[in-house]
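Student: Please find the sequence and the predicted model below.
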Amino acid sequence: MKKLVNQVNSKLINPAKEKVVDPINLRIKKQNKSMQRFIYASLTIGFVYILLILGMLTGLIDSYLSGIIVSIMINIIMAVSLALVTGYLGELVLGHAGFMAVGAYTAAILTMQLNLPMIIEFPIAIICGGLLSSLVGIIIGIPALRLRGDYLGIITLGFGEIIRIILNNLDITNGARGLSGIPHYSNFSVTFFVTIIVIVILYKLISSKTGRAIVAIRDNEIATDCIGISTFFYKTLAFSCAAFFAGVAGGLYAHYHTVLNPVSFGFMQSIEVLIIVVLGGMGNLFGTIIAAVILGILNELLRSFSEYRMIMYSLILIIMMICKAKGITLAIIKSKFANRSPKKSKGGKSDARSFKN
Amino acid sequence: MLEVSKISVTFGGIKPVDEFDLKLNKGELVGLIGPNGAGKTTVFNLLTGVYTPSHGTIKLDGKNLTRLKPHQIVKKGITRTFQNIRLFKSMTVIENVKVAFNNQLHYSLYDRIFNTVKYNKQEKWLHKEAMSLLKIFDLDNEANELSTNLPYGKQRKLEIARALACKPKILLLDEPAAGMNPNETNELMETIRLIRNKFDITILLIEHDMRLVMAICERLVVIEYGKIIAEGTPEEISKNLKVIAAYLGE
Amino acid sequence: MDYMTLFIQQVINGLHIGSIYALIALGYTMVYGIVKLINFAHGDIMMVGAYTAFIFMTTYNQNIIVALIIAVLFCSILGFTIEKVAYKPLRKAPRMWALITAIGVSFFLESTVMVLFGANPKPFPAPQSSLIKIGNLQFSQLMIISLVLSVILMLSLERFIQTTRLGKAMRASSEDAEAAALMGISVNKTISTAFIIGSALAAIGGVLFAVAYPQIKPMMGVMPGLKAFIAAVLGGIGIIPGAVLGGFLLGLIESLTKGFLSAFWPDATLWADAILFSILILVLLIKPSGILGKNIREKV
């Protein structure tokens, strides 16, 4: 994982490392590099997977622990998809759990109604959940994305709540009692590979021309428009992609827990995902993944403090943010290792990727 | 090639631009001057679709651009720079240029995910194009710097390079020499001449530095309170009493 | 009861609950106006206010007036401290970071109260009050007192903002904090003032809320806080009269959907919040800066 991580990071934080060489060499090097990267990445992912599977077989990782790992992975999907909108596009979204709910309920209802073999209906359900969620994202996004910053945040908050209230009152979702008896289709392996696929797709998306356009919108919307990029199109695209993956996460969630309740998709859940994204460094996919893992583990560790858990959690959150603002960030420590002097830019912004909002 | 007839815009009772006419011929280098608050930047905003005119039409090569959005106008061939520099701050110098090539790239997410030949070819082409553009502006050594780390004069140049990456027919420069020292201004004058010859484009520029305007513009349009008060060669303008009155406040 | 009476009754109820929303919304709007921070902890300050009053009324047997004053003092200090400790270090950081810190503070207040007093609702010892009857309408004295008190507070705040030096400094800072600082206005002082006044109003709002629904619980601030924030946005965030208008509007919408609309459509209560959010979204889409807000165009 480390190799991939370093490479991903160097690409994200420090594109300056690619030295300019003559074109022919460059092509060969680039292709070798991407081949190498692919092999390293596959090997590390395979290694991690086998390690975890072995842990489960030998009983080192019991079902409780694997449950935690699965929820961390679902959180990762939620967080990296939100990172696309909040981190890279720079728009505040306070209703991401609403999209997860749409995906979860759609997928669950599909598998409960279809009665097809699992191998057929499960992928269909997951993808349909994602698609419907993305459709909802587009419907919300088209009017809402005209607004910026906190106002968009409020609108998405409102939509998230509306979705929850709708789920609470519909017959097909069984209202506030929630759905139960959803087939137990997702397990550790399925979630693991879906998570990897989502991360890869998002990473590739961000490092393509689309990603450049999205970051440009974050940096300066008017200038982006004035170089011929339809900001409306790319904002809606980013928004619907994020909604799609949140829907996928919802589908996995539904088929892991086998019960659904509107309460699980409220404002607090949206906030939890947002915390992961902000702690992870906003425009940083890898940081987001790490933050999801750390917060997931932290949540578990604090469980032993029972009622004091939330006090500790909130204090740690506040302290982390203050430290971040004071410039004690992971990115800086890392850049020190990379022999690159940390840039203390004006206004206390501590890493190059930080930005308004 | 560009025909602007009688465009006006109103903001809450004020008319920053009032029945403004402009004709640009292919290959011309025209200066748009006038005292502060005369409506020069508003004209640019109208031409690039940032504001929509309340009256009048804008035509480029016979095609109507009047109600198009900024990104559509760019595709028709007009790009601009900004008075207050608007670079993409979290991107490097070369990325700032690369992003402007977006409409000229035609690979899909599928190509990116599987690193297809199409993707590699286009990104390689992009890199080459972007580098050669930076070279013209003498920015190739800073290609991988963050754009905000560039000195002011170079930031302005980078903005021009970015605008040129869109392959425009007409380039609008909004006070390109603002905040530059005389040396940098001289250099900029050279660059403007160079790009006009090299890229075969029409340039309309707003500038307060009369030395630059007089030296490089072939024609000047003077506006005050949103209206054209004079038009002609630099020599004619420098002798025009109305213009002198407008600047000195009579 | 005929529909007309029901309607008027619900309008009065709406004004009552709306006045509480307005009091809380004022704090949101003042803070947002100056530091551009959605202070998520504001609703919880209201909750702390209610709990403080509760302790002084039950444990120390004070009457509600004394308890209210102590709650106001305590919350002012709390608001001031929270700003100094948690928000000030992040003033120059990206705004989303400060938002997360505010959420952290909110969690902290909720969980602390939960540990100290338990998660279960406690009955609030609201003073007995007689019902006033006019025709078929009826409302409690407390309701009237609460409404009048809120209006007086709002008017005095407006007067403070418009006429005093500190008030003017606050207005200047909320228009352009940097320019205000250059004019010699102490931004620290104005921010502290905004937090102190906002928290004091929230404390009063909390006590009035507890009196109206005579029970308190650690999460009681979440929904009213959210709604008060929406009220501030609805009226035009950063604008004092906007917060008041938004608060009353929200109260009216809520009580009319729950109390009046439900006479025709039994499910209205279930959908009340959805209706509320839909109206908010509609208003923002039509007028992004809120009802009283000015549209500011970005200068190119």
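Tutor: Happy to help now that I have it.
Student: okay, now A:Ile201: neighbour count?
Tutor: 17 (other C-beta atoms under 10 Å in any protein chain shown). For glycine as for every other residue, the C-beta is placed from the backbone atoms N, C-alpha and C.
Student: Would you mark the buried spots in whichever strand or helix holds it?
Tutor: Secondary structure here is read from DSSP states H and E; on that basis A:Ile201 sits in helix A:188-206. Burial within helix A:188-206, assessed by neighbour count using 16 or more other C-beta atoms under 10 Å in any protein chain shown, is assigned to A:188, A:190-192, A:194-196, A:198-199, A:201-206.
Student: Quick one: residues contacting the closest residue to A:Leu89 other than its chain neighbours.
Tutor: Counting by C-beta to C-beta, 6 or more residues apart in numbering or on different chains, A:Ala238 is the residue found nearest to A:Leu89 once chain neighbours are left out, at 4.7 Å. By C-beta atoms under 8 Å, 6 or more residues apart in numbering or on different chains, the contact list for A:Ala238 reads A:Leu84, A:Val85, A:Tyr88, A:Leu89, A:Ile214.
Student: What about B:Gln83, how many residues nearby?
Tutor: 17.
Student: Give me the secondary structure label for it.
Tutor: Following DSSP: H, G, I helix; E, B strand; the rest coil, the label given to B:Gln83 is coil.
Student: any weak-confidence spans in chain B?
Tutor: For chain B, the stretches flagged by pLDDT under 70 are B:249-250.
Student: Apply 50 and report the result again.
Tutor: Of all residues in chain B, none has pLDDT under 50.
Student: for it, which helix is longest?
Tutor: For chain B, the helix that runs over the most residues, judged by DSSP state H, is helix B:117-136.
Student: Could I get the buried residue list for it?
Tutor: By 16+ other C-beta under 10 Å, the buried positions in helix B:117-136 come out as B:Lys118, B:Tyr119, B:Asn120, B:Gln122, B:Glu123, B:Leu126, B:His127, B:Ala130, B:Met131, B:Leu133, B:Leu134, B:Ile136.
Student: Now the terminal residues of stretch C:108-128, how far apart.
Tutor: Stretch C:108-128 has an end-to-end distance of 34 Å (criterion: C-alpha to C-alpha, to the nearest Å).
Student: Could you do stretch B:87-107 as well?
Tutor: In stretch B:87-107, first residue to last residue: 25 Å (C-alpha to C-alpha).
Student: Quick one: check that stretch for contact with chain C.
Tutor: No: Stretch B:87-107 does not reach chain C (C-beta under 8 Å from any C-beta of the partner chain); its nearest approach is 11.8 Å.
Student: just how off-centre is that stretch within its chain?
Tutor: Stretch B:87-107 has its C-alpha centroid displaced from the chain centroid by 17 Å (C-alpha atoms, centre = their mean, to the nearest Å).
Student: need the contact list for C:Met219.
Tutor: C:Met219 makes contacts with C:Met47, C:Glu110, as judged by C-beta under 8 Å, 6+ apart.
Student: what's the answer for B:Ala215, then?
Tutor: Contacts of B:Ala215 (C-beta under 8 Å, 6+ apart): B:Met189.
Student: which residue packs closest to residue 110, ignoring adjacent ones?
Tutor: Since you didn't name a chain, this refers to chain A. Spatial nearest neighbour of A:Leu110, chain neighbours left out: A:Ala125 (4.0 Å); criterion: C-beta to C-beta, 6+ apart.
Student: should've been chain C
Tutor: C:Pro218 is the one closest to C:Glu110 (C-beta to C-beta, 6+ apart), at 5.2 Å.
Student: my read: the one you found touches C:Val48, true?
Tutor: No: in this structure, C:Pro218 is not within contact of C:Val48 by C-beta atoms under 8 Å, at 9.7 Å.
Student: what about the closest residue to chain A within chain B, which SS state?
Tutor: Nearest residue of chain B to chain A (C-beta to the nearest C-beta) works out as B:Val74 at 3.3 Å. At B:Val74 the chain is in helix, as set by three-state DSSP.
Student: gap between it and chain C?
Tutor: As judged by C-beta to the nearest C-beta, to the nearest Å, B:Val74 and chain C stand 15 Å apart.
Student: Beyond the helix or strand where the residue nearest to A:Leu110 lies, next helix or strand please.
Tutor: According to DSSP H and E, A:Ala125 maps onto helix A:118-144. Remark: after helix A:118-144, the chain's next helix or strand is helix A:149-169, criterion DSSP H and E.
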